[in-house]
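Engineer: need the 3D shape of this:
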Amino acid sequence: MFVKITSVAALPDYILLVGFSTGEFKQFDIKPLIAKYPPFKALTQINGLYEQVKIDIGGYGLVWNDELDLSADGLYEQGQPCQPPQNIESYKQELIEKFVAARKSAKLSQKQLEILSGVAQPCIARMETGITDPQLTTFLKILEPLGLTLSITDI
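Structural biologist: Residues are numbered from 1 along each chain as shown. Below is the predicted model of the structure:
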């Protein structure tokens, strides 16, 4: 099965929460890799490295640096199915819908927003269609030209 990674969270105790293009979420314990493969030991030895996990370009895997990566297929096949965090998908969808509405209200094309924000148009398109989740800094870059910001509120 061909899947892409859409989200990742570095949970405590070296467990990754990974969201996939199928809508599924899986937990992947990387402690066995740390024990078996010397390059993965760096995740425990370099302060903050584990938390810097990122989705590789295109969603084909996870990366930390040039030496540490995991494939989307391997994570999907070996990860343990779990429930997605409560309401995360509905929050994400609402956020994307509000962003798209603001872009259209400002009468900006994705290409025009690329020029104003410095974020590539294909990245904006993938975010708007829900194919990928942008990193926070990327999302903030595309909100700025629209005069928008993010805020944290109580539920």
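
Engineer: now do the longest helix along the chain: which elements does it pack against?
Structural biologist: Longest helix of the chain, by residue count under DSSP state H: helix 88-105. Judged by 3 or more Cβ pairs under 8 Å, 6 or more residues apart in numbering; DSSP states H and E, the packing partners of helix 88-105 are helix 121-128, helix 136-143. (Each C-beta comes from the backbone N, C-alpha and C, glycine too.)

Engineer: how about that helix: buried residues?
Structural biologist: Under the neighbour-count criterion of 16 or more other Cβ atoms under 10 Å, helix 88-105 has 96, 99, 103 buried.

Engineer: need those in JSON lines with pLDDT and distance to G61, can you?
Structural biologist: Formatted as JSON lines, the buried residues of helix 88-105 follow (pLDDT from 0 to 100; distance: Cβ to Cβ, whole Å):
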{"residue": "I96", "pLDDT": "88", "distance to G61": "24"}
{"residue": "F99", "pLDDT": "91", "distance to G61": "26"}
{"residue": "R103", "pLDDT": "94", "distance to G61": "30"}
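
Engineer: of all the helices and strands packed on helix 88-105, which lies closest to A10?
Structural biologist: When the helices and strands packed on helix 88-105 are compared by Cβ to Cβ, helix 136-143 sits nearest A10, at 14.1 Å.

Engineer: now the residue of the chain most remote from its centre, what's its secondary structure?
Structural biologist: Distance from the C-alpha centroid of the chain, by Cα atoms, centre = their mean, peaks at K107 (27.4 Å). Classification of K107 by DSSP: H, G, I helix; E, B strand; the rest coil places it in coil.

Engineer: need the phi and psi values for it.
Structural biologist: Here is the backbone geometry of K107 (degrees, to the nearest 10): phi 60, psi 40.

Engineer: that one and T129, how far apart?
Structural biologist: 20 Å (Cβ to Cβ, to the nearest Å).

Engineer: okay, now the domains of the protein?
Structural biologist: For the chain, the structural domains run 5-82, 88-146, going by automatic domain parsing.

Engineer: span of the first one from start to end?
Structural biologist: By Cα to Cα, to the nearest Å, the extent of domain 5-82 from end to end equals 15 Å.
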